[in-house]
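Asks: Could you work out the structure for the sequence below:
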Amino acid sequence: MKALNFFLLTLLTTLVVAPLSGQSYRLIKSDFSISGTSNVHDWESAVTKISWRGTFNFTDGVLSELSDVKVNIPVDGIISTKGRIMDGKTYDALKEEEHPNIVFTMTSATITNKGTKVAAKGRLTVAGVTKTINLAVMITPLADGQYQVSGAYPMKMTDFGIDPPTALLGTMTTGDDVTINFNLTLSPN
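Replies: Coordinates of the predicted model:
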């Protein structure tokens, strides 16, 4: 009888606690870029290095909570379609030597639309300046328990103390407005 009670208690604990404990996810694919304009041409830089962590909690199979979300982007992993000169200008503008990473740490999230829309709030640190931002995120369930997390964040470089880069003795000037675009595929650990 003690063995049966122990078994039932273990089963009940597993059924009740496991769904509440959350599932951590790892990044398996990313399509991440930063885009903007200049007085000569539009530009886009790919983010080739990124780390992500986070925990998803589900209620009745629907995403109900996100926690422990942190995104880290090494500045030296931002690569321009316009070549190494643009990369150097980007690294200088982002103060890469003193602040080698762009970091987003989520502080809260409101999940709506049956677990597919997230209004996230968090701290974004760029070039050593940290600002609290609001970020709209779409979450799409995929096969094998994977999720696609996507969105865009428009920002002004000057809000983070960044002087928009110039080139060719100042004849080419970069616009202050940039957009961070992301489309991440996450898989359970």
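Asks: And the helices in the protein?
Replies: Ranges of helices in the chain, per DSSP state H, are 2-21, 84-93.
Asks: among the ones you listed, which gets the worst mean confidence?
Replies: Of all these, the minimum mean pLDDT falls on helix 2-21 (a mean of 39).
Asks: so what's the spatially most central residue of the chain up against?
Replies: Nearest to the mean C-alpha position of the chain, by C-alpha atoms, centre = their mean, lies V71 at 4.8 Å. Applying C-beta atoms under 8 Å, 6 or more residues apart in numbering to V71 gives the contacts 50-52, 103-104. The C-beta positions use only the backbone N, C-alpha and C, and glycine is treated the same way.
Asks: Low-confidence stretches in this protein?
Replies: 1-21, 168-171 (pLDDT under 70).
Asks: switch to 90 and redo it
Replies: 1-22, 37-43, 60-61, 80-90, 163-175, 189 (pLDDT under 90).
Asks: sorry, back to before: can you select the buried ones among the contacts of V71 for me in ChimeraX?
Replies: In ChimeraX, this line selects whichever of the contacts of V71 come out buried by 16 or more other C-beta atoms under 10 Å:
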select :50,52,103,104
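Asks: just the contacts of V71 now: which is nearest R84?
Replies: Closest approach between those and R84, by C-beta to C-beta: I50, at 20.6 Å.
Asks: Against G161, how distant is that closest one?
Replies: Computed as C-beta to C-beta, to the nearest Å, the I50 to G161 distance reads 23 Å.
Asks: Can you tell me who the nearest residue to T112 once chain neighbours are set aside pairs with across the strands?
Replies: Distances taken as C-beta to C-beta, 6 or more residues apart in numbering place A119 nearest to T112, at 7.4 Å, with adjacent residues excluded. Beta-bridge partners for A119, by DSSP bridges, are T110, A136.
Asks: which ones are touching A119?
Replies: A119 touches 109-110, 112, 134-137, counting by C-beta under 8 Å, 6+ apart.
Asks: Could you do I111 as well?
Replies: Per C-beta under 8 Å, 6+ apart, neighbours of I111: 63-66, 117-118.
Asks: which of those sit farthest apart?
Replies: Greatest spatial distance in the contacts of I111: E65 and K117, 13.8 Å, computed using C-beta to C-beta.
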